[in-house]
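In: Fold the following for me, if possible:
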Amino acid sequence: MFMKYAHHFHAYQPGDIVYVKDDDGSKPIEYEERKSPLAIRIGGEIIKGENWTRAMLYSYGRISEVLSRLRGVSVDIEPFTFLMLKGYQRKTFEEAVELLKSLDAVPTVPFHPIMPHLDEFERKILAKVSFDFYTPLVGDKSVIGYWLPEAVITKRTAEIVEASTAKRLVFLLDERQLLYDFPQAKYSCNRYGSSFVFGREWGLSDAFAFNTLDVPGLISAVISRRDDYKESIGVPYMVFTASDLESLLGNPAQLDRFVAWMEGLEGEGIERVSAPSFVRKKLSGEFKRLEGECSFEMPVKDYSSWSDYFDLSLDGKTSDSRWLGYRRADGRVFAREVDGRKISQLWKVAFTRLFIELNRVVRLGVLEGLGELNADPEEFLIRYARVFFRDYYDYFGMNTSLSYILEPANGDRNALKLGRIYYLMLLANHSCPRFWENLDTRVAFSNVSVMAKALIELMKYFDGKELQTLFLGAYLRLLNFKILYHMWNLSAMPSLEGWETGEKAWLEALKPEVPTSDYNVVSRAALYVGKRDLRGEFRNIIEQYNLEWAVADTGHVPGERHGLWENPEYCEHRS
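Out: You can find the predicted model right below:
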């Protein structure tokens, strides 16, 4: 059979940061983690963790052992996740490094932000750091895959990523993002800009991830994608699926189920080959091409993704509405159901807008500070990754000396503090808070906690200078998140059912899900950091608040409720 098969696994854990410790920026950040113990079942094993992140990373050892037996699988591991894996599970980290050398390692963006939602400056920094980070893993391959967080893409974002490397790229997307209108394009090598693109079979991918088909059903579903025309002329074509690495942990049997699926395909004569390898073989001539294959442009819908609320689509394609809180097609705010309760997603509108503003404020401060040092800001901030991810770079023997990192800043150590602040801002832009429907989650708390730290450090760096009030005002936006509803006139936004932008809907969405605080999670996280870091006259800002309510407890993430939590009621933090 000329059908080929590829599967991609995306590995990402945002961490369980509740507070970043102070430092001068000369070494990687240290932080306090959430202590909310749980266990998860994998096959016959019970894996325990101090928090969700730790439990997931501990489980990677079992996953790595299984994937090492497979071919034709590509994997991306988000850099901060990789760094945590090295810190918590060194043996698993080393196994993962070897695994990625034998499979196809796929670079991805550090800190897992929605790239098109960021300023171009941040996108350029992150794209260049992603390739620098993955240098030891991709080797001299001329064509490599690339994974954008949540696969959210725009033409301009793709151009920025392409300009950051000399290699040819294969963007791994979802078929609902592609705009092809001729059948021969499907399962073929298609061009996108200066790169190539593949869209995963979303129905097939979800059937595995959500257990709607058994193993024989999965095998049959793949075979049903047979392209008789290409078979008749001897042209290899590829069926592509993708899922989160966590999909292997959805139930105790998932790992064995995936292996049985892959082995079953092999038994049917279907060769497994990763998407980047498929393109390489097409370009080299090892795989026969259709006339024009790898040359025809495949249009892709801007701001589409692999995991949007597809039921809200008006055109049969995905969008980024999940992270906006409103339908991009018509601007209408919508609601989603969680545990039988409909929650307006208006909070995402405010959360998104607020973080765009806060990113701009931090960037302004950092660039102002670097300008005073006559530094080359872009080159310095790219090199600062060698501080933030130092343990990873040291493992591969790459240059992490301060003389190298500070060269674009004329050797001035003050730049290190600014680099740290900038990377805290990037770390605060994890996509996952806006992925979930409820605001009160551990991931939202982490983003706000880290952003609050960045703003407070800017206040200290510019102590006594006029800019200091700008950073104070930005911090107050976090602390007073609730009033943004009126400040930004959010009630004027159109809604899908007519009630989602009302004040009652707004307040209900912000309602805390813990018995230990009456503050919404944004205010709670900002106050949690402020009560530890604010001194002098700035301390007066928070004295009016009930500091006993400044706790790191949050509600549970809906997709994590299957964990065997010691506290099933809420995601506590045992200080």
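
In: unless I'm mixing things up, residue 314 is touching residue 328, no?
Out: No: counting by C-beta atoms under 8 Å, residue 328 is not a contact partner of residue 314; they are 9.6 Å apart. All C-beta atoms are positioned from the backbone trio N, CA, C, and that covers glycine.

In: Could you name every residue contacting both of these two?
Out: With contacts defined as C-beta atoms under 8 Å, 6 or more residues apart in numbering, no residue is adjacent to both residue 314 and residue 328.

In: Which one of those two is surrounded by more residues?
Out: With other C-beta atoms under 10 Å as the criterion, residue 314 and residue 328 differ in neighbour count, and residue 328 comes out ahead with 17 against 10.

In: and residue 232, that one's in a strand?
Out: No: inclusion of residue 232 in a strand is not indicated when DSSP: H, G, I helix; E, B strand; the rest coil is applied; the result is helix.

In: packing partners for the helix or strand bottoming out on mean pLDDT in the chain?
Out: Each helix and strand of the chain was given a mean pLDDT (mean pLDDT, DSSP states H and E); the minimum falls on helix 52-67 at a mean of 85. Secondary structure elements in contact with helix 52-67, counted by 3 or more C-beta pairs under 8 Å, 6 or more residues apart in numbering; DSSP states H and E, are strand 38-42, strand 45-49, helix 79-88, helix 90-102, helix 254-267.

In: can you rerun that using 10 Å?
Out: When contacts are defined as 3 or more C-beta pairs under 10 Å, 6 or more residues apart in numbering; DSSP states H and E, helix 52-67 packs onto strand 3-11, strand 38-42, strand 45-49, strand 73-77, helix 79-88, helix 90-102, helix 254-267, helix 442-461.

In: With distance to residue 149 and mean neighbour count added, can I get those in JSON lines?
Out: As requested, these are exported to JSON lines (distance: least, C-beta to C-beta, whole Å; neighbours: other C-beta atoms under 10 Å):
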{"stretch": "strand 3-11", "distance to residue 149": "9", "mean neighbour count": "23"}
{"stretch": "strand 38-42", "distance to residue 149": "24", "mean neighbour count": "19"}
{"stretch": "strand 45-49", "distance to residue 149": "23", "mean neighbour count": "15"}
{"stretch": "strand 73-77", "distance to residue 149": "10", "mean neighbour count": "26"}
{"stretch": "helix 79-88", "distance to residue 149": "12", "mean neighbour count": "21"}
{"stretch": "helix 90-102", "distance to residue 149": "19", "mean neighbour count": "17"}
{"stretch": "helix 254-267", "distance to residue 149": "23", "mean neighbour count": "18"}
{"stretch": "helix 442-461", "distance to residue 149": "13", "mean neighbour count": "26"}
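
In: Of all those, which one comes closest to residue 504?
Out: When the helices and strands packed on helix 52-67 are ranked by proximity to residue 504, the top entry is helix 442-461, at 21.2 Å, counting by C-beta to C-beta.

In: Show the subsequent helix or strand relative to that closest one.
Out: Past helix 442-461, heading to the C-terminal end, the next element that is a helix or strand (DSSP states H and E) is helix 468-479.

In: Can you mark which positions in that next one are buried?
Out: Neighbour-count burial for helix 468-479, counted by 16 or more other C-beta atoms under 10 Å, picks out 468, 470-472, 474-475, 477-479.

In: if we can go back for a sec, I'd like the helices and strands packed on helix 52-67 as TSV, with mean pLDDT and distance to residue 540 appended.
Out: Putting the helices and strands packed on helix 52-67 into TSV (pLDDT from 0 to 100; distance: least, C-beta to C-beta, whole Å) gives the following:
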stretch	mean pLDDT	distance to residue 540
strand 3-11	95	45
strand 38-42	88	39
strand 45-49	91	40
strand 73-77	94	45
helix 79-88	95	35
helix 90-102	89	46
helix 254-267	91	53
helix 442-461	98	14
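
In: got a markdown table for these, with distance to residue 344 too?
Out: As requested, the helices and strands packed on helix 52-67 are exported to a markdown table (distance: least, C-beta to C-beta, whole Å):
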| stretch | distance to residue 344 |
| --- | --- |
| strand 3-11 | 29 |
| strand 38-42 | 29 |
| strand 45-49 | 33 |
| strand 73-77 | 33 |
| helix 79-88 | 31 |
| helix 90-102 | 40 |
| helix 254-267 | 34 |
| helix 442-461 | 16 |
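
In: nearest to residue 391, of the ones you listed?
Out: Each of the helices and strands packed on helix 52-67 was scored for nearness to residue 391 using C-beta to C-beta, and the closest is helix 79-88 (5.8 Å).

In: what's the closest one packed up against?
Out: strand 3-11, helix 52-67, strand 73-77, helix 90-102, helix 120-138, helix 385-388, helix 390-395.

In: That one vs helix 90-102, what angle?
Out: Our comparison of helix 79-88 with helix 90-102, counting by axes from the mean of the first three to the mean of the last three C-alpha atoms, to 10 degrees, yields an angle of 140 degrees.

In: Relative to the whole chain's centre, how far out is helix 79-88?
Out: 14 Å (C-alpha atoms, centre = their mean, to the nearest Å).

In: Am I right that residue 238 is in a helix?
Out: No: under three-state DSSP, residue 238 sits outside any helix and is assigned strand.

In: bridging residues for it?
Out: Here residue 238 shows beta-bridge partners residue 4, assigned using DSSP bridges.

In: Does it touch residue 282 like I think?
Out: Yes: with contacts defined as C-beta atoms under 10 Å, residue 238 counts as touching residue 282 at a distance of 9.4 Å.

In: Report the mean per-residue pLDDT for stretch 332-345.
Out: Computed over stretch 332-345, the mean pLDDT rounds to 96.

In: tell me which residues of it are tucked away?
Out: The neighbour-count criterion (16+ other C-beta under 10 Å) identifies 332-336, 342-345 as the buried residues of stretch 332-345.

In: pretty sure residue 538 contacts residue 473?
Out: No: in this structure residue 538 lies outside contact range of residue 473 using C-beta under 10 Å: 12.0 Å.

In: Between the buried residues of helix 468-479, which sits nearest residue 222?
Out: For residue 222, the closest of the buried residues of helix 468-479 turns out to be residue 478, at 47.7 Å, with distances computed as C-beta to C-beta.

In: show me what contacts that closest one?
Out: Residue 478 makes contact with 354-355, 358, 448-449, 451-452, 455, 484, 522-523, 525-527, 529-530 under the criterion C-beta atoms under 10 Å, 6 or more residues apart in numbering.

In: Pick out whichever of those residues sits closest to residue 429.
Out: Using C-beta to C-beta, residue 355 is the member of those that lies nearest residue 429, at 6.5 Å.

In: Okay, and that closest one sits in which element?
Out: Secondary structure assignment for residue 355, by DSSP H and E: helix 346-372.

In: Which neighbouring elements make contact with the next helix or strand after that helix?
Out: Downstream of helix 346-372, the first helix or strand assigned by DSSP H and E is helix 377-383. Judged by 3+ C-beta pairs under 10 Å, 6+ apart, the packing partners of helix 377-383 are helix 120-138, helix 346-372, helix 402-406, helix 414-427.

In: tell me the most buried of these?
Out: Among those, judged by mean count of other C-beta atoms under 10 Å, the one packed with the most neighbours on average is helix 414-427 (a mean of 24).

In: Quick check: residue 15 touching residue 428?
Out: No: taking contacts as C-beta under 10 Å, residue 15 lies outside contact range of residue 428: 11.2 Å.

In: Could you list which of the buried residues of stretch 332-345 belong to strands?
Out: In strands, defined here by DSSP state E, the members of the buried residues of stretch 332-345 are 335-336, 342-344.

In: if we can go back for a sec, can you list residues touching both of residue 15 and residue 428?
Out: Between them, residue 15 and residue 428 share the contacting residues 111, 446, 450, judged by C-beta under 10 Å, 6+ apart.

In: want to try JSON lines for the residues you listed, with distance to residue 255 as columns?
Out: As requested, the shared contacts of residue 15 and residue 428 are arranged in JSON lines below (distance: C-beta to C-beta, whole Å):
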{"residue": "111", "distance to residue 255": "28"}
{"residue": "446", "distance to residue 255": "28"}
{"residue": "450", "distance to residue 255": "33"}
